[in-house]
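Please work out how this folds:
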Amino acid sequence: MSVVPVKVPVGGAPTLDEQTPAAARLGPPARLRPSLVAVYRAQLSRARVARIPLLFVATFQSVGIMIMMRGVVDTQSEAQSVVAGSSIVVVAYVALNLLSQYFGQLRASGGLDHYATLPVPPASVVLGAAAAYASFTVPGTLVTAVFGCVLFGLPLTNLWILLAVIPLAGAALAGLGAACGLLAPRPELATLLGQLGMSAALLLGVLPPDRMPEIVRLARDLLPSTYGVEAYARTFGDRPDWALVLTDLGVCAGVGVISLAVATWAYRRAAVR
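This next block holds a predicted model:
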């Protein structure tokens, strides 16, 4: 067995960089954007088989709610609230409920240790998973919205606004769902928090606000998904107030940034334990 001589510099022993081969040195950590794309694709392919049946459940649930409310609503504004709220319930079911369960189970099973060993930023793990789960809400939300408009005789002219409502409301709800799953001490509690959040989005988003007590309206203002509901509902009129629509979307975006930042912090906290 031959020994490779090591050149010793004048004045001391060889440094660590001189002793370590170039192939064995650690490379720089991955950047956020490539890591985000990689995590998104992995989560999308992983969740495709398991989550598509649940997406049908969320869509049928929203369609059933609109059918039941068809004989209850009296005015056009109430019909607008029901259709908009039922559409966003699909987003809440997937982005809030299922994502909370996923991160709760991932933490309990030690799956976070796998991501902690990867040279990817923590934000890419949270954002990639949230974006993948939110992507599954697009078909169900569009189907629910079209069915509701046809059922209640509402125009389909401004249906394109859902292209902005879905990602913004989905980001806000996905951040909350991820934070609940990562902060819950047990997966059962994460599931419970996700169910409670989805139920709040269902009750406070679908029911017309004019029929709610004042204290319930205040609770409704604290739920970020209701701003997505309001943004979509405002577009049904002949002359939508686009300033208010943009304001509601801005609230969703602001809450989305904050909730995803909290989820990233919760991920770092859970990964080091």
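
For the helix or strand hosting residue 150, C-alpha coordinates in CSV please.
Here residue 150 sits within helix 137-152, counting by DSSP states H and E. Provided in CSV are the C-alpha atoms of helix 137-152 (Å, rounded to 0.1, in the frame of the first residue of the first chain):
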residue,chain,number,x,y,z
THR,A,137,-57.4,23.3,-5.1
VAL,A,138,-57.6,24.9,-8.5
PRO,A,139,-59.8,22.3,-10.4
GLY,A,140,-62.2,21.8,-7.5
THR,A,141,-62.6,25.6,-6.9
LEU,A,142,-63.2,26.3,-10.6
VAL,A,143,-65.8,23.5,-10.8
THR,A,144,-67.5,24.6,-7.7
ALA,A,145,-67.6,28.3,-8.8
VAL,A,146,-69.0,27.4,-12.3
PHE,A,147,-71.7,25.1,-10.8
GLY,A,148,-72.7,27.7,-8.3
CYS,A,149,-73.0,30.4,-10.9
VAL,A,150,-75.2,28.2,-13.0
LEU,A,151,-77.3,27.1,-10.0
PHE,A,152,-77.9,30.6,-8.7
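
pLDDT (mean, whole number) over that helix?
The pLDDT scores in helix 137-152 average 90.

Likewise for stretch 108-120?
Mean predicted confidence for stretch 108-120 is 75.

from the middle of its chain, how far away would it be?
The chain centroid and the centroid of stretch 108-120 are separated by 20 Å under C-alpha atoms, centre = their mean, to the nearest Å.

Give me the contacts around the helix or strand harbouring residue 231.
Element membership of residue 231, judged by DSSP H and E, is helix 225-233. The contact list for helix 225-233, computed with C-beta atoms under 8 Å, 6 or more residues apart in numbering, reads 80-81, 83-85, 87-88, 91-92, 96, 145, 161-162, 164-165, 168-169, 172-173, 201, 204-205, 220, 244-245, 248-249, 251-252, 255. From N, CA and C alone the C-beta is placed, and that goes for glycine too.

Strands - which of those residues land there?
Within those, no residue falls in strands by DSSP state E.

got the angle for the helix holding residue 231 vs helix 137-152?
50 degrees (axes from the mean of the first three to the mean of the last three C-alpha atoms, to 10 degrees).

returning to that earlier point: could I have the buried ones of the contacts of helix 225-233 as PyMOL selection syntax?
Of the contacts of helix 225-233, the buried ones can be selected in PyMOL as follows, counting by 16 or more other C-beta atoms under 10 Å:
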select buried, resi 80+81+83+84+85+87+88+91+92+96+145+161+162+164+165+168+169+172+173+201+204+205+220+245+248+249+251+252+255
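
Next step: the contacts of helix 225-233 restricted to helices.
Using DSSP state H, the members of these that fall in helices are 80-81, 83-85, 87-88, 91, 145, 162, 164-165, 168-169, 172-173, 201, 204-205, 220, 244-245, 248-249, 251-252, 255.

which intervals of the stretch 151-273 of the chain have sub-threshold pLDDT?
Within the stretch 151-273 of the chain, the stretches with pLDDT under 70 are 272-273.

Spatially central residue (nearest the centroid) of the chain, please.
Residue closest to the average C-alpha location in the chain (C-alpha atoms, centre = their mean): residue 174, at 2.2 Å.

so that one touches residue 134, yeah?
Yes - contact status for residue 174 versus residue 134: in contact at 5.4 Å, counting by C-beta atoms under 8 Å.

Quick check: neighbours shared by these two?
By C-beta under 8 Å, 6+ apart, the residues touching both residue 174 and residue 134 are residue 95.

outside of the helix holding residue 150, which residues touch it?
55-56, 58-59, 62-63, 66-67, 70, 73, 79-80, 82-83, 86-91, 93-95, 154-156, 159, 162, 166, 170, 232.

Mind giving me the PyMOL command for buried ones among those residues?
Here is the PyMOL command that selects only those of the contacts of helix 137-152 that count as buried (16+ other C-beta under 10 Å):
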select buried, resi 55+58+59+62+63+66+73+79+80+82+83+86+87+88+89+90+91+93+94+95+154+159+162+166+170+232
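
Tell me who's in contact with the residue nearest to residue 269 when sequence neighbours are not counted.
In space, and not counting its chain neighbours, residue 269 is closest to residue 182: 7.4 Å by C-beta to C-beta, 6 or more residues apart in numbering. By C-beta under 8 Å, 6+ apart, the contact set of residue 182 is 103-104, 107, 263, 266-267, 269-270.
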